[in-house]
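>>> following is a predicted model, sequence given first.
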2 protein chains.
Amino acid sequence: MKARVLIRPKEGILDPQGQTVERALPALGFHGASHVRIGRLVELELDDPEQLPAMCEKLLANPLIEDYEVELLDGGDSTNGAP
Amino acid sequence: MKARVLIRPKEGILDPQGQTVERALPALGFHGASHVRIGRLVELELDDPEQLPAMCEKLLANPLIEDYEVELLDGGDSTNGAP
C-alpha cells in the first residue's frame, strides 16, 4: 500500500524557511503570497499502514514541534496527528 | 486561495534522506516499508494561483532534480510539474 505523510511545523511554531521564502517572493516578482509554511513530504510503500502513526512519532516527525497527516493513496483515508 | 505544493526528488535521482529512513525503520521495529522518498511540502495563501508553476520553477523547487505538484486546496485542481 502506498502512503503519504505530510509533516508541517505546528501552529505557532516559528518557520524560518517559510519566512525566508515569503520574503524572497516579492523580489522575484511574485506578489500576494502569505502564510508560507514549509514542511516535509514522505512517500512510501508499506505492508501495514497501521504502523504509520507510530513511525511518525518515532522517526519521521518531531511531535513536539511538528504535526503530521497520513494519507493512504490506495485507500483514500486520511488521519491527522494533531486532532 | 490556499495552495499546497508537493516537491519530490525526480524518479532516478538519489534520495539519501529516504534511504536513511528506510534503513532506520527495521531497527525501530517497523518492517515491510520500501520505496521511501522524502520531499518538501509548501503550503501558502496567494491571490493568483496561476503564478504557482513559475514560483516553483524559480524558487520553491529545483526543476533539474525535483518534480513538483500543485494542489489548490480551495478549488481542488491539481497540476503536475513533470507531465
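That came through fine.
>>> tell me the SS of A:S34?
Per DSSP: H, G, I helix; E, B strand; the rest coil, the local secondary structure of A:S34 is strand.
>>> any idea how far stretch A:23-42 is from the chain center?
Chain-centre distance of stretch A:23-42: 15 Å, with C-alpha atoms, centre = their mean, to the nearest Å.
>>> got the end-to-end distance for that stretch?
One end of stretch A:23-42 sits 26 Å from the other (C-alpha to C-alpha, to the nearest Å).
>>> what's the average pLDDT for it?
Averaged across stretch A:23-42, pLDDT comes to 97.
>>> for stretch A:6-18, measure first residue to last.
Where stretch A:6-18 starts and where it finishes are 16 Å apart, if you go by C-alpha to C-alpha.
>>> now do it, average pLDDT.
Averaging pLDDT along stretch A:6-18 gives 96.
>>> can you give me the helices for chain A?
Residue ranges of the helices in chain A, as given by DSSP state H, are A:16-27, A:52-55.
>>> reformat these as TSV; add mean neighbour count.
C-beta: built from backbone N, CA, C; applies to glycine. Output for the helices of chain A, formatted as TSV (neighbours: other C-beta atoms under 10 Å in any protein chain shown):
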stretch	mean neighbour count
helix A:16-27	14
helix A:52-55	20
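>>> just put those in JSON lines and tack on distance to chain B.
Shown next, in JSON lines, are the helices of chain A (distance: least, C-beta to the nearest C-beta, whole Å):
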{"stretch": "helix A:16-27", "distance to chain B": "6"}
{"stretch": "helix A:52-55", "distance to chain B": "6"}
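>>> tell me the spacing between the closest residue to A:K2 other than its chain neighbours and chain B.
The shortest distance from A:K2 to any non-neighbouring residue, by C-beta to C-beta, 6 or more residues apart in numbering or on different chains, is to A:L73 (4.1 Å). Distance from A:L73 to chain B, counting by C-beta to the nearest C-beta, to the nearest Å: 12 Å.
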